[in-house]
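K.L.:
pasting the sequence and the predicted coordinates here, then a few questions.
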Amino acid sequence: MFKHLLATVLLTGAFAAQAAPDPALIRQLGDEDSSVKVAAIQKLAQEGDPATARVLQAMADDALQLAGDKVLIIEDDKAFDAVSGEPAPMPADAESITVNNRIRGELDNALAALKLFDADRNVRLDSARQLQNKVSSEMAPLFERALKKETDPEIKPLLKLAHAQASLTSKNPATRLTAVRTLSESASPAVRNMLQPLTEKAGEPDNRVRYAAISAIKAIDARLSRAETLGAVFSGLSLGSILLLGALGLAITYGVMGIINMAHGELLMVGAYSAYAMQSFFRAYFPDAIDWYLPAAIPLAFFGAALVGVIMERTVIRWLYGRTLETLLATWGLSLILIQAARVLFGAQNVEVANPSWMSGGIELMPNLLLPWNRIIIIGFALFVLALVWVLMNRTRLGMFVRAVTQNRAMAGCVGVPTARIDTLAFALGAGIAGLGGLALSQISNVGPDMGQGYIVDSFMVVVLGGVGQLAGAVWAALGLGVFTKLLEGWSGAVIAKIVVLVFIIIFIQKRPQGLFALKGRFVD
Amino acid sequence: MREPFIFRFLSALDARTRAGVSAFLALALIAVPLLHLLLPAGSPFHVSTYAITLVGKIMCYAIVAIAMGLIWGYGGILSLGHGIFFALGGYAFGMYLMRQIGRDGSYQSDLPDFMVFLDWKELPWFWQGSDSFLWAALLVVVVPAVVAFVFGYFAFRSRIKGVYFSIITQALTYAAMLLFFRNETGFGGNNGFTDFKRILGHSITSSEMRLVLFGLTAVVLALTFIFAKWLVSSKYGRVLTAIRDAESRVMFIGYNPLWFKLFIWTLSAVLCGVAGALYVPQVGIINPSEMSVANSIEIAIWVAVGGRGTLIGPIVGAFVVNLAKSWFTVSFPEYWLFFLGLLFIVVTLLLPRGLVGLWKTLRTAQGAKA
């Protein structure tokens, strides 16, 4: 028993002796002058001693106190000596060491640097990432030491980049050259800015380093612009999939009945609010399963919107067949009523719909290109709904009837298709799909009473572009419009992009009034 | 010898309409100014400043409604974006009003306040000449006309019609609204133009100026009505109605619908621009929300409520809906949208010919009984 205890004491002592930070530096942490504090923090961080982490963490948590000449860590009402780490008597006259914002920022950096030596791989990775944009020249030896120890293939390149950034200001041209060459592998705008001064004679006397810096900036620029384009294409696809969900329903109802449902955007809103309702329900009754509210909201969104659609069709739209322009006005009236109803029920403010935890985060393809999971899932969801609609339209009896009525209502009626019922069902289907679109939308944009208004014009543009009653047309038009809009937004801003798209559509209709994919057949009016 | 133009206009009116227009003008030009200026504010017959502004505003809307009635009721073209022409006219005249502020703005600069705010050093090119009243008046007519002509030419040439056309006009207005919301566009961004001080050197807030604007609006409304009446009863008007009812047949007979539609479309835009120019000094503000999609669709409902295919209908509709609006938004702001929504539905479902149609039906029924 005694032996055991002795061993522990010896070991702790040995560890403490090896790891004890410089007492003078620790004392400086309690200095009156902020600059002295900052200098001490920086020096402690460069020593890379893991034991210092506890002290600095305590300082960041406002748990570091100064008692006379001794710096103490206060943990759960117990005091520990900051230098040795051993328990110390709780002093009566200790005063807290004040930490202002400047010091706090310095502490964060120092803690991250110290974490580079942590035993846990993930902690090291996080810290290496965090440090990427906060490198200063004093940190070069720190990174060098971390690099020597590091074996992980994911952390190593990050450390190399950081080390190169830190050694850019080195006195030795050869070191700078290596650093510049390493940095040309980067794809970060911050690194690019860092290299910029080195391309001029004033900033870099050595010719070789200067030329290397120029070509490194070129390489980074190429990588950046590629990432930007890829990012724009991706967000275009994600916008396109939302447009697709909005336009699929519209394409069905417009194809079958030849009417534009101006309240279609409000059906999106119904879907989005059902996500909100389901979320509130889960919060109240199944807080443990809150992540599953979204799948549970899918049927609610579909059938909720479909029900609203059926009511709209039975009470208003049914009576306006053949009077398409008036239908525009009547459905606009419906949309006003739905918006005001949402305001009365849920309040005029936007409501908060949270992403389930499995939808947060994303895949990082490049340092400045993150593909968020919620957008990836929405693209997948849109494809799933599309597949479902395709099967429904092409492989079921209902779908056959819907296509028949779209092509020739009178003839379909003659051969026994119950056109009135098909109208209602098709309208319900279109409304339900809009509800699903609203559900998807609730994950990436605001949910509020007015949310549907912005999408009706875009959805209709998709239908115009794609051609009436054509699924393939709607798909290509939605994705094309989405990507085109986002690419344009990249270099001209959102408003100009919107106007250009509109002009493009008007010109397009000059050439192909029937849309991308036209139904074959003869029509009279 | 051909009779003078004005007589040909007037001859398009029957005796009852002529009496109605004369009574209206007498009321607006003589009775209202007298009641406003001569009677004390407490008198039950005093016409308040509020009432003059409200009715003046609604008369501007009525001009827009006639413009809409012409293209929708007679041309079969439903525009859901007429707000853009109204706003363009308003902005064109608003530029002049902004320049008339002179150095009386908050920054005491020759430039309008919002330009000082944006740190612009000189007027952009499209503001050149905006200090001239005549140039502003020209812009009020020309800008909406050019926009409408270009847009209409491409739209009608490719025979875009029905709901396609409606939605595209809606998109046009929407895009224009986004454009005008930007500060860099040079029209005051979000806030638009406001804080006007004077027109032609006279204060804009004086009773006399209000009455002049009010009277001017009334005259323009009456002239618009008479001109429209003459137009729809002319040969051109009949071809237009024929195009509305059967465009293909009119083409087969040998007419090119393009020019017929384009003319009425452009004319309608110009009327809206003029209405907008009269509206801005009376209301004292113009901002991009005038181009919002909802505003433009409301224009259509004025016409639908009043009655399509007539010219008095749009005027009645504009007055009924807007009076209801100003009453509702004060008394029951919560229910205005419900009411407006129901109005859209009820009118399209139950009153396809509007209030004027209902009136006529009731009269006929009474006549049959008697």
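P.N.:
Structure received.
K.L.:
nearest residue to the spatially most central residue of chain A in space, please, no chain neighbours.
P.N.:
Taking CA atoms, centre = their mean, the centroid of chain A lies closest to residue A:372, which sits 4.4 Å from it. Closest residue to residue A:372 apart from its sequence neighbours, by CB to CB, 6 or more residues apart in numbering or on different chains: residue A:362 at 4.0 Å. For the C-beta atoms, the positions are set from N, CA and C on the backbone; glycine is no exception.
K.L.:
burial count for the one you found?
P.N.:
14 (other CB atoms under 10 Å in any protein chain shown).
K.L.:
was I right about it contacting residue A:373?
P.N.:
Yes. At 5.2 Å, residue A:362 counts as touching residue A:373 under the criterion of CB atoms under 8 Å.
K.L.:
per-residue confidence averaged over whichever strand or helix holds residue B:134?
P.N.:
Using DSSP states H and E, residue B:134 sits within helix B:133-157. Per-residue pLDDT over helix B:133-157 has a mean of 92.
K.L.:
mind listing what's buried along it?
P.N.:
Residues B:135-136, B:139-141, B:143-145, B:147-149, B:151-156 are the ones in helix B:133-157 that count as buried (16 or more other CB atoms under 10 Å in any protein chain shown).
K.L.:
and those residues near chain A, which?
P.N.:
B:151, B:154-155 (CB under 8 Å from any CB of the partner chain).
K.L.:
which one among those residues gets closest to chain A?
P.N.:
Distances from chain A to these, taken as CB to the nearest CB, are shortest for residue B:154 (5.9 Å).
K.L.:
now do the closest one against residue B:79, distance only.
P.N.:
Here residue B:154 is placed at a distance of 15 Å from residue B:79 (CB to CB, to the nearest Å).
K.L.:
same thing with residue A:346?
P.N.:
33 Å.
K.L.:
likewise residue B:268?
P.N.:
8 Å.
K.L.:
tell me which of the two has more neighbours.
P.N.:
residue B:79 (30 against 27).
K.L.:
for the more buried one, which three-state class applies?
P.N.:
coil (DSSP: H, G, I helix; E, B strand; the rest coil).
K.L.:
now do the contacts for it.
P.N.:
Contacts for residue B:79 (CB atoms under 8 Å, 6 or more residues apart in numbering or on different chains) come out as B:68, B:71-72, B:165-166, B:169, B:265, B:268, B:296, B:300.
K.L.:
closest residue of the stretch 251-400 of chain A to chain B?
P.N.:
residue A:333 (2.6 Å).
K.L.:
quick one: that residue and residue B:341 touch, right?
P.N.:
Yes. The criterion here is CB under 8 Å, and residue A:333 meets it with residue B:341 at 4.3 Å.
K.L.:
who has more neighbours out of those two?
P.N.:
Under the neighbour definition other CB under 10 Å, residue A:333 and residue B:341 were set side by side, and residue A:333 has more, 27 against 22.
K.L.:
list the contacts of that one.
P.N.:
B:340-345, B:348.
K.L.:
contact partners of the helix or strand that contains residue A:309?
P.N.:
Taking DSSP H and E as the definition, residue A:309 sits inside helix A:293-315. Contacts with helix A:293-315, where a contact means CB under 8 Å, 6+ apart, come from A:261, A:263, A:267, A:270-272, A:274-275, A:277-279, A:281-282, A:331, A:334, A:338, A:356, A:359, A:423-424, A:427-436, A:438-439, A:443.
K.L.:
next, the buried residues of it.
P.N.:
A:293-294, A:297-298, A:300-302, A:304-306, A:308-310, A:312-313.
K.L.:
over to stretch A:382-394?
P.N.:
Applying 16+ other CB under 10 Å to stretch A:382-394 flags A:382, A:385-386, A:389, A:393 as buried.
K.L.:
cool, and stretch A:256-274?
P.N.:
A:256-274.
K.L.:
hey, C-alpha coordinates of it in PDB?
P.N.:
Output in PDB follows, covering the C-alpha atoms of stretch A:256-274 (Å, rounded to 0.1, in the frame of the first residue of the first chain):
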ATOM      1  CA  VAL A 256     -54.300  18.500 -66.700                       C
ATOM      2  CA  MET A 257     -56.500  21.500 -66.200                       C
ATOM      3  CA  GLY A 258     -54.900  24.300 -68.100                       C
ATOM      4  CA  ILE A 259     -55.000  26.600 -65.100                       C
ATOM      5  CA  ILE A 260     -52.300  28.300 -63.200                       C
ATOM      6  CA  ASN A 261     -52.700  27.900 -59.500                       C
ATOM      7  CA  MET A 262     -51.400  31.200 -58.000                       C
ATOM      8  CA  ALA A 263     -51.900  29.700 -54.600                       C
ATOM      9  CA  HIS A 264     -49.300  27.000 -55.400                       C
ATOM     10  CA  GLY A 265     -46.600  28.900 -53.400                       C
ATOM     11  CA  GLU A 266     -49.000  28.800 -50.400                       C
ATOM     12  CA  LEU A 267     -49.200  25.100 -50.700                       C
ATOM     13  CA  LEU A 268     -45.400  25.100 -50.300                       C
ATOM     14  CA  MET A 269     -46.000  27.200 -47.200                       C
ATOM     15  CA  VAL A 270     -48.500  24.600 -45.900                       C
ATOM     16  CA  GLY A 271     -45.800  21.900 -46.200                       C
ATOM     17  CA  ALA A 272     -43.300  24.100 -44.500                       C
ATOM     18  CA  TYR A 273     -45.600  24.800 -41.600                       C
ATOM     19  CA  SER A 274     -46.400  21.100 -41.200                       C
END
